[in-house]
Structures are given as structure tokens and as C-alpha cells.
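Colleague: Here you go, sequence then predicted model.
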Amino acid sequence: MMEMLYGHAGKRPEQLALVYADERITYGELVERIERLAAGFADLGISPGDSVGLLMRDDPWFVTTFHAVTALGASVVPVNPAFKQDEIEFCFRSANVRAMVADERGAGVCERIASGFDSPVEVITTSAAHGQALTLDTLSERAAPQRLAPRDPDEVYVCQFSSGSTGRPKRVPRTQGQCAAEAELWGEHSLTPDDRIFAAIPLFHTYGMGACLFAPAISGATLVILEEPNPFLLKRHRALELLERERVTFFPGVPLNFRLLADAPATADLSSIRICTSAGTALPRDTFEAFGQRFGVLVRQLYGTTETGIMSTNLSDDPIGTFESVGAPLGDVSFEIVDDEGDPLATGETGEIAVSSPAMTSGYADLPDVNREAFRDGRFLTGDLGSLDDAGRLTIHGRKKLLIEVGGYKVDPIEVEDVLATHEKVEDVVVVGIAGAKPGEETVKAVVVANNGCEQRELIEFCRERLANYKVPRELEFRDEIPKSPLGKVLRKYLM
């Protein structure tokens, strides 16, 4: 990835790389910042094979830090800033991070987590707001910058966490070569240095990382970052202002973004946009139609996973007639629809989506048994259900797995169950996804068998202290028992 950035900085050093609030950073300046910070990390002892945790807002420091760490041959472990301390600690411990980089909001949490590690872990902050001695600025001044050497494609580049097709969060390592291959897939969208990409989706997430870090690296496009995009309802006027002012051409988002913009009281000229993509959860038809009618831009669905990165985008010449499709596979990606035994199904039949991609991980870290089930014959079994049409376009019909889609995030019900099960008044618990307030949305529901006068509010608060807000049950129901089959299998359909 760094070699791609060097190429753009060499050919067009004055080309804008980043726009954020009042900052405008060229490719020449971005590469120099990356080199300086990489030299500081190296002086700190970060070397190939190490891991560095990122707990940061989306801003130029995130972009610089991400590239500086990976350009050294170390791997980044970006986590959701909305996570609670237990969730962050699980990720950083699992990846055995050597350092943690945090903005001022996450610095204290990282200090507490680092104090519990057996070996020393440096905490580096984006500012000295809380009196931290080691900041990214001071680290960037420690050593003279120099050109960074090309990396081994087999080095681990990034570690993320996925619920995969079954079970609890799993560490997903992807290599330099795999992520470079994903950048090539983003290149299939015909992006050029003249494009401007809008970043309103989180950079720690696979979708944001691909669309807003890999896509600019392959194309030389400018990244326009929306400051503090959440809650998007309160930022939609700023989003419209930036989309119009910066003449954005590529807008990757989630259904909520497009719905809220379509309903916004203010208006904007979005005629510069040539492609909008939606991912994370199915795009409701009324959102597709409302955004198209309001701004004259038709949103196209995109498909990707943490394990594979991007796999397909609906780039059809007929986006209305193929609205429900996520498109044909990009580049060297291939899809196959298989039955429960893993055998291929005919065109038009619905089954599990199996994918082969040069960008996909080789498997979950330290989980050989799970890998034997999820990765077979060079394919990843996604746990999603879909079908292929005669043109090779994929349509997703639902999930084989239990994951709950909440606002573009995936919630593993087993993770929420595990938290609730530790409460002293909970005897049994099952977590399911139920229909949300709007079409295509889901919310988390917990069904609990409890004792000793347990109340809903104490269980909700218990979850809030341990889980990111989007994972906390919005509905909680008490029952005398959990319905199960004669063989002891939970009958989830009776809990929704």
C-alpha cells in the first residue's frame, strides 16, 4: 500500500490526499507525515511482526498512523471507539499489541488496559489534552524520516474481529498482499485522481477501510472526511454541505445515511456524484427510491465481509431493474452457491454463498477447528444465503448464521448472551434479532429466565457497562423458561 502512495506522491505531489475540516493535505505532505511517524514508531521499537492497537476517531491522524504502522511491517488493530473497556481489552490482548494509539477520549481507557498487561505497552495519544507525555507529534519528531522499504506480501497487515459464520468474535488477520489485492478490487470502480471519496463510514470497519483507505491508495483520489459523523442525524446538514462544496464523486455509505439525507430539510447539489454504494445491511427499496428522486443519484448495493474485504458491487447499466442485486464478483473474486453439504447449486437456486478471493484471509487466528468448517477448498463459507442469476449477479436473501444487523453493524447474539449470563440473577438467556422500526432494520432482543426479583433496567444497565451501545438489547422479555426442542435445541422462532 505504501508503494502505491509513493507513486502518487511522485507523480502528483500537490494533489490533495485528505480534506478534513480546515486541513487540506497533499499526497507529498501525507507521505512525509507517514515517514516521520514510521520513524518514530521504529525508534520506539515497533518492528515487523508487532501489532499496534488503534482507538481513534476518523481524521488525518488515523490515516497517517494506519499507513505508518503497516509501512514498517507491523500490523494495525483498529477497534470501534464506541466499544467499552472489556471489548477493547479483548481485542488488544488477543492481538498482543505492543502499543496503543488513542485520541483524547480513549486515552484513559488505554492507560487502564495497558497497566494490566504483563509486558510493557506504550500508550500514544493524538494530543496532550490529558497530560500524556507521548503524543503522535512528539513521536514524529524523534527520528529523521526516510523512504520506507517495500514489504513482504505475507506479513500481517491488519487484524480485525468478526463473528464469522458461527460463535464468538474471532481475530481476522489479513496480509499485505491480501489487502493490496483488495485495493485492486476497489480499482474496478474506475476511480482516478480526479475522484473525491466521501468518508462518513468508520475507518476501523472493513467497509470504511477499503473504500476510504485502500481505494484512494490505488487511485490517487482525494478523501473528504466528515468530522464526527455520529449521530448522522445531527450531521446530515454538514454532510450535504461537504458533498456539494467538495464536489464528491464517490459516496460509500449505509442505508441509514441515504435515508436521512433523503429526508433532510436542507437540500444540496449532488450532481458531481457518479456512484453511491450501500453495504452493511440490505438497502430498502423506499430508501433507494427516495434518495434517487431527491438527488438524482441511484444507490448501488455492495457486498463484503471482514474475512474477504469487498467482493462485488452492482455496476449494472440497469441499476433500477437490478436494484436488489449486489452485482457480479469483482476482479478475480468468484461466487458459488452451495447446499448444506457444500455441493454447488444451479443458477437461480438459493443456498449459502461461498467465495474465493485473492483478498480474503487464510483463516481465523488460532482457531483450526473453526477454520475447517468456514474455509474449505480455497473458499470461505460466508453464512449468507443468496442466488446467482444468468449474468452471474448475486442477490442476497438472508443469513444462515445468527448475526443481527443493527445500523450497519453486525451483533453476535452469543456475545450478548455471554454477558447477560454472568449476571447473578440470570438463570438462562437467549438473544435474537427482531424487526426494527423501519423496513430492513433489526434490533436486539433478550429473552431472560431470572430470579430474585430481577428488573429490566438493571440488566440493561449491566449490558451498557460492558457492551457497545448498539449491542445492548433494546427489548428485554422475562419468561419462565426458554422454549426448546426435545433434543434441547433453542427454538428461536418462538422468541421473536
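Modeller: In hand now; what should we look at?

Colleague: Which phi and psi values does residue 455 adopt?
Modeller: Dihedral angles of residue 455 (phi, psi; degrees, to the nearest 10) stand at phi -120, psi 150.

Colleague: Direction included, what does the host helix or strand of residue 17 pair against?
Modeller: Assigned by DSSP states H and E, residue 17 belongs to strand 16-20. The strands beside strand 16-20 in its sheet (DSSP bridges) come out as strand 23-26 (antiparallel), strand 222-225 (parallel).

Colleague: Tell me the gap between the last one and the middle of its chain.
Modeller: Computed by Cα atoms, centre = their mean, to the nearest Å, the chain-centroid distance of strand 222-225 equals 17 Å.

Colleague: Can you report phi and psi for residue 363?
Modeller: Phi and psi for residue 363, reported as degrees, to the nearest 10, are phi 150, psi 170.

Colleague: Tell me who's in contact with the residue nearest to residue 1 when sequence neighbours are not counted.
Modeller: Among residues not flanking residue 1 along the chain, residue 217 sits closest, at 5.0 Å (Cβ to Cβ, 6 or more residues apart in numbering). Placement of C-beta: from N, CA and C, glycine included. By Cβ atoms under 8 Å, 6 or more residues apart in numbering, the contact set of residue 217 is 1, 4-5, 183.

Colleague: ok, now residue 322?
Modeller: 314, 316, 393.

Colleague: Quick check, residue 83 in contact with residue 466.
Modeller: No - Residue 83 is not in contact with residue 466 according to Cβ atoms under 8 Å; the separation is 10.1 Å.

Colleague: Same drill for the two, tell me which one is more crowded.
Modeller: More crowded of residue 83 and residue 466, by other Cβ atoms under 10 Å: residue 83, with 21 against 18.

Colleague: circling back: any chance of the contacts of residue 217 in TSV, plus distance to residue 127 and neighbour count?
Modeller: Converted to TSV, the contacts of residue 217 look like this (distance: Cβ to Cβ, whole Å; neighbours: other Cβ atoms under 10 Å):
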residue	distance to residue 127	neighbour count
1	26	20
4	29	17
5	25	20
183	30	21
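
Colleague: how about these, which pair is most distant?
Modeller: Farthest-apart pair in those is 5 and 183; separation 10.8 Å (Cβ to Cβ).

Colleague: Just give me the residue right at the centre of the protein.
Modeller: residue 205 (1.7 Å; Cα atoms, centre = their mean).

Colleague: Helix, strand, or coil at the closest residue to it other than its chain neighbours?
Modeller: Excluding the flanking residues, the one nearest residue 205 by Cβ to Cβ, 6+ apart is residue 80, at 7.7 Å. When classified by DSSP: H, G, I helix; E, B strand; the rest coil, residue 80 comes out as coil.

Colleague: Residue 80: what's it in contact with?
Modeller: For residue 80, the contacting residues are 87, 202, 204-205, 468, by Cβ under 8 Å, 6+ apart.

Colleague: looking at those residues, which has the most residues close by?
Modeller: The residue in those with the most neighbours, by other Cβ under 10 Å, is residue 204 (24 neighbours).

Colleague: Surely that residue touches residue 76?
Modeller: No - Residue 204 is not in contact with residue 76 according to Cβ under 8 Å; the separation is 9.3 Å.

Colleague: Report the set of residues contacting both of these two.
Modeller: Listed as contacting both residue 204 and residue 76 by Cβ under 8 Å, 6+ apart are residue 54.

Colleague: Mind giving me the packing neighbours of the helix or strand containing residue 234?
Modeller: Using DSSP H and E, residue 234 sits within helix 232-245. When contacts are defined as 3 or more Cβ pairs under 8 Å, 6 or more residues apart in numbering; DSSP states H and E, helix 232-245 sits against strand 196-199, helix 255-262.

Colleague: Packing partners of the helix or strand just after that helix?
Modeller: Helices and strands here follow DSSP H and E; after helix 232-245, the next one along the chain is strand 250-253. Strand 250-253 sits against strand 196-199, strand 275-278, with contacts defined as 3+ Cβ pairs under 8 Å, 6+ apart.

Colleague: secondary structure class for the closest residue to residue 258 other than its chain neighbours?
Modeller: Counting by Cβ to Cβ, 6+ apart, residue 291 is the residue found nearest to residue 258 once chain neighbours are left out, at 4.4 Å. Assigned by three-state DSSP, the conformation of residue 291 is helix.

Colleague: my guess is residue 285 meets residue 320, correct?
Modeller: No - with contact defined as Cβ under 8 Å, residue 285 does not count as touching residue 320 (10.3 Å).
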